[in-house]
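Colleague: Pasting the sequence and the predicted coordinates here, then a few questions.
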Amino acid sequence: MRILSTLCLTLLLGASGTAAMASSKASFAKKFKNVDIHRLVSVPGLVDCSNSAYQMRQAGFATVSNTPMRSSDTPANAASGQTYGWVTAPDASNWYFTQDITSRDSVFSEFYTAHFHESSKITLFDNNHKQVGSFSVKVPEGWKHVADITPYGPITKRLFDRDENSNEILVEFHDAFNGSNKYLTRAYDINTGEIKFEMEGTGLVFDASKGWNSYQRLIMTHESDEKYSIDVIAPPAYGQTDWTVEHTFNFDIDNKITYLQGSCFNCMNVDGTPYYVLAEYDKPFTNTDAGDGSKDIKQEPDNFLVLRTFDKNFDKVDSIRVSINAPEGTPYRSAAFGLFGNNDLSKGYFSNNGKLNYVVGLHDYAPALDGDLISYAVYDSENGKLKDICDKVTSNKRGLLNTIHGKSEQMWFLQTIGTSEGSGQQIQLVDVPSCEKVGVLPQSIDGNAISSNFDRYPTTANAQGYQYVIALSKAQSNEAGEVLAPIAWVNPDCTIDHVDRLNLGTKAENFTPLINSTSLNPYLFNTNDDMEYVYIAKKRREDGSNKLDNVLEVSTLDGTVIKSWRGDDNYVFSQASFPVMNDLGKRQMFVVFEDRANNKYDMNFYDLPFTKFEQGGTGTVEDPYLIATTGDFQQLALEPTKNYKMVADIDMSKAAQWWTPVKNFTGSLDGDGHTIYNLGVKTTEDHTGLFGTLDLSGIAKNLIFVNPTVEVTNTNQFAGVLAGETNYTYDGKGKATNVDSIFVYGAKIAGDDQSFIAAGGLVGSANLKTKINNCSFQGEITLPNSENVGGIVGQTRSGSSVNACYANVNATAKTVLGGIVGIAGTPHDYCKFTNCEVRGQLTAENAVGGFVGDNYFNEISNVVSHADIVATKKSGWNGYAAGGIIGVMESDWNGGAGFAKNCVFDGSVKVLQDGEEINAPATVHQIAGKTIADDEVSDGETPKKETRLSGNYTTNNVGSTDATSVDGAYKAAKEMGKDFFTGLQYAYGNTLAEPWKEDGSKIPTLYFNNIAKALAVSSDDVTVGTTDEGTAVVKVSVYGMENADLESDLDVSTSKDNAIVTFGEAHGNTIDLVIKGKKQGIDVVTVKFGEFSATINVTIFKNFVSGIENVEDAEALVIKAADGQISAEGANAIWVYSVNGKLVGKTSGAAFSTSGLTSGLYIVKATDKAGHKATAKFVIK
């Protein structure tokens, strides 16, 4: 079952009321009378502990009513039906269905209306809104009172037959009237309507497939007078055509399972390994007859929850016992397994003891609350309890918060503290799997009650990398009478960072935002950098009636409504979410309305984002889309055949999520010299990088990356900052360069898994005439268990080439590592490489070369390598195979194929054995490590001489004078120079054809080196004081320069002379700017290096001065304080800072309420649309 991120109402946290204290203990027994048969079985996905799923379960908008649609835009896609629903497709994408039901008769009473069905028509649509199936069903013969016909997923292919081309969906029929309670489950072919499976009872699909290993079973539950039977239905075996009952589990209907809080039969998927966990009490929970559930019962003492675990062969492999003895003062303690989340059963998650770990919830009934307080803990069969997760959890209210890159998973639990009058609630935050308590969110923050409507979201505002986003209860109003709804951004230490106050206008009275990782993405609704929120608000009508309607809106902070749906009494809002609706990952806004007059639901899909590319463009070659923001850049994935041009630098950290590689990009991307900062890539796809595949005719050029990160996983096969793989042309007619002028600085590519086929600094694998020209990579590649790793490209094949490329790389691989290329081709690939330069350190077990790790018959010329080569372990075939230019030069017994000429090695080669350096063995040389000369020959056969080497030199005097040998000829660096290299056909200039230049050394460098390509500051907005204690340090980095004198070459100026800027410590290409205030006010610091510049907005205040002082600036706004608010006439935004410069509040508009602030000194900054600014300070007493 797929639970989508859905907009819904959530309850505020509140204290326990006294009304609950009168509850009878018999309430406990009522919960377990006439247990629903559906509770007996659980499968993965049925219990979703994600935070958005929790929010969805709290309340549906179907109970809110009166929110019809009003939107100026027609939906991109639409469908209607009497019912609707979502199912998971065989490829795990989102499909949906509509259902139109024909009823035969109805029963009416003063208490209910029952409609009994005769048939229904079910229509299915895929994630591209294409109809993929339609069929009709009829109720079973003789079933007269079928009140529910329920289609559900997942869609299966070969669960009921061996036909790979058909798709089946399950449909459940429920006959319940006059004491009858029957279920029938069928599987229908979604196109023909053929019944592929039929059995009485209820069914759920258990899927533990992983990769190529498929494991899918249907779990069927049947009820008789004395027992429950659970059948495991298996697909047809090889050579068979029909499904089979693989195994049957039986449970007696008694109090060993009746008082279980969870399911008695739990299907568990532990990283692709299926298990079946059976739960029951050791003895009956009670021997008291609860009657109709109204009588008090007595719990039997010395009882246990018993879990027995079976593998896929139905052999018992484990079991645990957990005591359920109730503590003193607790009338009943029951237990549950399978209700916690995705790790109810795990191995290696909570502990590394090699045992299966179980999360068990002990439910203590609290009469004062008329509910349970739950204690979650981890157990195993050998040690008993391993870890406590959380206690005093109220009514199973908990959720898994948004995943943050590089951080532990985190869960929240609603706790009730105390069980008598005056008790309260709080939210406990727990890291998993460590189970460390990391914080508590109190019931209220600064007097404003929080809600369970919250999540955490990535941010660069603190070192921890995330904040909690929480809807608060108390709205405020400004001078204009506009309602300002508060959303708090809270730091990991549970202190408020700032509060966004969303302007709802003058008609609003209530507000419920959707807060989760999807809805908080600032690029969901448009592609500019501003934050938008989606919410339900109660608003009075404009007709003067003051009648309240529920309005669904997407709005900016200043109250600008991007989209709105509002209505009357007959067309009722039901649901909104943001499903991924095509193969490229495109999201749509899904909005459903109940049409009560016509007894149907209308499903409307709106393309997201609503607006994009505000700078213009149509995506053609002549008029490319113009990329100005991170949101614009994200559109590449949705239109990979279009053409794009950057018109601004992009900071990918604003996206607050891992970049998803663009698949099969066949368009063009022209960076136009702009920079992508802080790209972070992590994916389970085969191909990882900015592009998964830069495919046929796809072009990327004139682009700079600063501080990119590629975090590799065991599912990746090809990886590079730019692209996992490039394929340029099948027919060899491609004439242009498809990877041109790409410069990467400060990169980190890392992963411990043995996963790669090829990984490179820019490209994983370059195929089909790919041309990589004028490119450079500076950074670290750490892949100690991978092979085929290169500083520019991991693997080249089929006529690809690398020309005028530079790598300054510290790289570690298992084997086959090169400074530019990891492995060059296979026989007859005919790749060409020329005019390349390498620096850094290259470390691998063997097959490591300054230019290439392993070369198959390809042409290498004019390479300069300054790299330090380290080989740590020899192989049985090639030995250490380490060379200053080539690690392995594959043997060519036919002669003449490929060559390496005119190369110069100016680095070092080191060989380690058991960690100790040893003298160079046979296959370690200055130019080429292992060659044909090292091949074994038969007795009497003359050893081969490597003849494909010529004009190669080393600056290390190893005694060789032969430029055609594997060690090359010795020549001291000081004896080289322009004439020497010109004689080796090195062309000096500043183009691809003449790519070398003199640069203060006798050995040339490539023409684009030591030229600034980008400038960045670590912060563009700081608050400082006028004392040394109030200084701020901003790091300035210049990329492309090596050994630059930044203190001399940087030009630093201020706009108003209110700030003092001095230089601090320098670190390579980075230097610290120390900023302090001269006098209170504002200033702008401008930093320039050549054609590059950056600005830093500075707010200055005096420390420890009380009262309000307006900034003396003729053009500035005037900030005033009165009547519990701060105002600045004409302002479009106000920021409030604590005395240490931390942002504690902001609002869009001319007024800010101070009711949410504690006592202390604060600094205020206001701006207007014309760019005027003002600062002031004030004290709340």
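Modeller: Noted; the coordinates are in hand.

Colleague: pLDDT score for the residue in the chain sticking out farthest from the centre?
Modeller: Distance from the C-alpha centroid of the chain, by Cα atoms, centre = their mean, peaks at Gly940 (63.2 Å). At Gly940, the pLDDT value in this model is 73.

Colleague: again, but for Met976
Modeller: Per-residue pLDDT puts Met976 at 96.

Colleague: could we number from 886 for the rest of this?
Modeller: Renumbered: residue one is now 886, and that last one reads Met1861.

Colleague: Look up how far Leu1891 lies from the residue farthest from the centre of the chain.
Modeller: Applying Cβ to Cβ, to the nearest Å, the value for Gly1825 to Leu1891 is 49 Å. No exception for glycine: its C-beta is placed from N, CA and C like everyone else's.

Colleague: can you pull the buried residues of the strand or helix carrying Val1191?
Modeller: Assigned by DSSP states H and E, Val1191 belongs to strand 1189-1195. Residues of strand 1189-1195 classed as buried: Phe1189, Leu1190, Val1191, Leu1192, Thr1194, Phe1195 (neighbour count, 16 or more other Cβ atoms under 10 Å).

Colleague: Quick one: residues contacting the first one.
Modeller: Pointing back at Phe1189 there. Neighbour list for Phe1189: Tyr1166, Asp1167, Arg1206, Val1207, Ser1208, Ile1209 [criterion: Cβ atoms under 8 Å, 6 or more residues apart in numbering].

Colleague: cool, the second one as well?
Modeller: Taking Cβ under 8 Å, 6+ apart as the contact definition, Leu1190 lies against Leu1145, Ala1164, Glu1165, Tyr1166, Asp1167, Arg1206, Val1207, Ile1209, Ala1220, Phe1222, Val1245.

Colleague: give me that answer again for 7 Å
Modeller: Leu1190 makes contacts with Ala1164, Tyr1166, Val1207, Ile1209, Ala1220, Val1245, as judged by Cβ atoms under 7 Å, 6 or more residues apart in numbering.

Colleague: Backbone dihedrals for the third one, please?
Modeller: Just to be clear, that refers to Val1207. Phi and psi for Val1207, reported as degrees, to the nearest 10, are phi -130, psi 120.

Colleague: If it is in a bridge, with which residues?
Modeller: Beta-bridge partners of Val1207, counted by DSSP bridges, are Leu1190.

Colleague: What is the burial count for the closest residue to Asp1777 other than its chain neighbours?
Modeller: Nearest residue to Asp1777, sequence neighbours excluded (Cβ to Cβ, 6 or more residues apart in numbering): Phe1742, at 5.7 Å. Phe1742 has 22 neighbours, counted by other Cβ atoms under 10 Å.

Colleague: Can you check the pLDDT for Phe1742?
Modeller: For Phe1742, the pLDDT comes out at 88.

Colleague: Assign it to helix, strand or coil.
Modeller: coil (DSSP: H, G, I helix; E, B strand; the rest coil).

Colleague: Contacts only, for it.
Modeller: Taking Cβ under 7 Å, 6+ apart as the contact definition, Phe1742 lies against Pro1712, Glu1775, Asp1777, Ala1782, Gly1783.

Colleague: Need the mean per-residue confidence for the strand holding Val1191.
Modeller: Strand 1189-1195 shows a mean pLDDT of 98.

Colleague: could you dump that strand to CSV, C-alpha only?
Modeller: The C-alpha trace of strand 1189-1195 is given here as CSV (Å, rounded to 0.1, in the frame of the first residue of the first chain):
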residue,chain,number,x,y,z
PHE,A,1189,4.6,-13.1,27.8
LEU,A,1190,4.4,-11.9,24.3
VAL,A,1191,5.9,-14.8,22.2
LEU,A,1192,7.3,-14.1,18.8
ARG,A,1193,8.2,-17.1,16.5
THR,A,1194,10.1,-16.4,13.3
PHE,A,1195,10.0,-18.6,10.2
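
Colleague: re earlier: what is the nearest of the buried residues of strand 1189-1195 to Glu1801?
Modeller: Closest approach to Glu1801 among the buried residues of strand 1189-1195 (Cβ to Cβ): Thr1194, at 49.3 Å.

Colleague: Any chance of a ChimeraX selection covering the buried ones in the contacts of Phe1742?
Modeller: Here is the ChimeraX command that selects the buried residues among the contacts of Phe1742 (16+ other Cβ under 10 Å):
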select :1775,1777,1782,1783
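
Colleague: Among the contacts of Phe1742, name the ones in strands.
Modeller: Secondary structure from DSSP state E places none of these in strands.

Colleague: Cys1379: which of the contacts of Phe1742 is nearest?
Modeller: Among these, and counting by Cβ to Cβ, the member closest to Cys1379 is Glu1775, at 60.9 Å.

Colleague: What residues does the residue nearest to Leu1869 when sequence neighbours are not counted make contact with?
Modeller: Leaving aside its chain neighbours, Leu1869 sits nearest to Asn1787 (4.2 Å; criterion: Cβ to Cβ, 6+ apart). Applying Cβ under 7 Å, 6+ apart to Asn1787 gives the contacts Ser1746, Asn1747, Gly1836, Leu1869, Gln1870.

Colleague: Where does the second one sit, in terms of helix or strand?
Modeller: Applying DSSP H and E as the criterion places Asn1747 in strand 1744-1750.

Colleague: For that strand, which strands pair with it and how are they oriented?
Modeller: Partners of strand 1744-1750 in its sheet, by DSSP bridges: strand 1717-1729 (parallel), strand 1784-1786 (parallel), strand 1789-1790 (parallel).

Colleague: Just after the first one, pick out the following helix or strand.
Modeller: This means strand 1717-1729. With elements assigned by DSSP H and E, the helix or strand that comes after strand 1717-1729 is strand 1731-1734.

Colleague: Indicate each strand paired with that next one and its parallel or antiparallel sense.
Modeller: Sheet pairing of strand 1731-1734 (DSSP bridges) gives strand 1686-1703 (parallel), strand 1767-1768 (parallel).

Colleague: send the alpha carbons of it over as PDB?
Modeller: C-alpha atoms of strand 1731-1734 as PDB (Å, rounded to 0.1, in the frame of the first residue of the first chain):
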ATOM      1  CA  ASN A1731      48.200  -2.200  -8.700                       C
ATOM      2  CA  ALA A1732      47.600  -1.100 -12.300                       C
ATOM      3  CA  VAL A1733      48.100   2.600 -11.500                       C
ATOM      4  CA  GLY A1734      49.500   5.100 -13.900                       C
END
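
Colleague: Of all the residues in it, which ones are buried?
Modeller: Here strand 1731-1734 shows Asn1731, Ala1732, Val1733, Gly1734 as buried, counting by 16+ other Cβ under 10 Å.

Colleague: need the contact list for the closest residue to Asn1172 other than its chain neighbours.
Modeller: Nearest non-adjacent residue to Asn1172, counting by Cβ to Cβ, 6+ apart: Glu1185, 6.4 Å away. Glu1185 sits next to Lys1168, Pro1169, Phe1170, Thr1171, Asn1172 when contact means Cβ under 7 Å, 6+ apart.

Colleague: Do you know the pLDDT at Glu1185?
Modeller: 92.

Colleague: Now it: phi and psi?
Modeller: Dihedral pair for Glu1185: phi -70, psi 140, per degrees, to the nearest 10.

Colleague: what is the rounded mean pLDDT of the helix or strand harbouring Val1983?
Modeller: Per DSSP H and E: Val1983 is located in strand 1977-1986. Average pLDDT, strand 1977-1986: 90.
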